[in-house]
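>>> Predicted coordinates and the sequence they were generated for:
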Amino acid sequence: MASDAPAVRVGSRASLPFRAALRGLVAALSAAVLLVCVAYAGLAFAGYKSAPVLSGSMRNVMPVGSLVIVKPESATKVHVGDVVMFSPPGYYGHYTHRVVSIKGSPANRVFTTRGDMNKAPDPWQLRSVNGRGHVGKFVTAVPYAGYVVEYAHDWRVRLMLLIAFCAAGGAVVLRRIWAKADA
């Protein structure tokens, strides 16, 4: 006995809500990643700098793992109490600490800094010569974003992301090939 009803693949109706939810999730994640990349590029284009917070010396202002965002400022515009990011002489990397004292003339300022959670001032002094010198003045800290930036510098993480991206692309291509073969 022949039926005039069209053939329906088994399981296709049950998987429609799952597929729609999965597509929505992938679209939302893709949009979020794109938005973060555009925002990060926009901040860099506008002159802002960023660095991950790796220690708890300023955890009352920015927790460990945050991404601190600063705007470059002339050393003449820095005051006691400002939180600044700088590269100390003889040390590697960036530090973000509070200015606790400023000595010298406006043309040759000497800054002493300290992390809020540290008891003693930092062992270095920052100097501006002839009023020149720039530091990054604290704007905001984005919680947990510093972990992402820090891990992105690791070649193993980059390799894993590349493999995952290639595997996802390969899965999409194979699925389309197999769907054409089933038709």
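Perfect, thanks for sending it.

>>> Sketch out the low-pLDDT regions of the protein for me.
1-15, 129-132, 183 (pLDDT under 70).

>>> so is residue 70 in a helix, a strand, or just coil?
Following DSSP: H, G, I helix; E, B strand; the rest coil, residue 70 is assigned to strand.

>>> Pull the number of nearby residues for it.
Residue 70 has 22 neighbours, counted by other Cβ atoms under 10 Å. (C-beta placed from N, C-alpha, C; glycine too.)

>>> Repeat that for residue 53.
The tally of other residues near residue 53 (other Cβ under 10 Å) stands at 25.

>>> How about it, nearest residue that isn't a chain neighbour?
Using Cβ to Cβ, 6 or more residues apart in numbering and skipping residues adjacent in sequence, the residue nearest residue 53 is residue 66, 4.6 Å away.

>>> do residue 149 as well
Leaving aside its chain neighbours, residue 149 sits nearest to residue 52 (5.1 Å; criterion: Cβ to Cβ, 6+ apart).

>>> Check whether the one you found really touches residue 142, as I assumed.
No. Using Cβ atoms under 8 Å, residue 52 is not in contact with residue 142, being 10.0 Å away.

>>> Between the two ends of stretch 72-88, what distance do you get?
End-to-end distance of stretch 72-88 (Cα to Cα, to the nearest Å): 16 Å.

>>> List the buried residues in that stretch.
73, 75, 78, 82-86, 88 (16 or more other Cβ atoms under 10 Å).

>>> what about residue 26, helix or strand, and which?
Using DSSP states H and E, residue 26 sits in helix 12-45.

>>> Which strands or helices does that helix pack on?
Packed against helix 12-45, as judged by 3 or more Cβ pairs under 8 Å, 6 or more residues apart in numbering; DSSP states H and E, are no other helices or strands.

>>> Around residue 173, how many other residues sit close by?
Other residues lying near residue 173 total 10 when counted by other Cβ under 10 Å.

>>> what is the orientation angle of the helix or strand encompassing it with helix 12-45?
Using DSSP H and E, residue 173 maps to helix 155-182. Angle of helix 155-182 versus helix 12-45, following axes from the mean of the first three to the mean of the last three Cα atoms, to 10 degrees, is 140 degrees.

>>> other SSEs contacting helix 155-182?
So helix 155-182, by 3+ Cβ pairs under 8 Å, 6+ apart, packs with no helix or strand.

>>> Residue 111: which element?
Assigned by DSSP H and E, residue 111 falls in strand 110-114.

>>> Please give the element, helix or strand, for residue 136.
Assessed by DSSP H and E, residue 136 sits inside strand 134-142.
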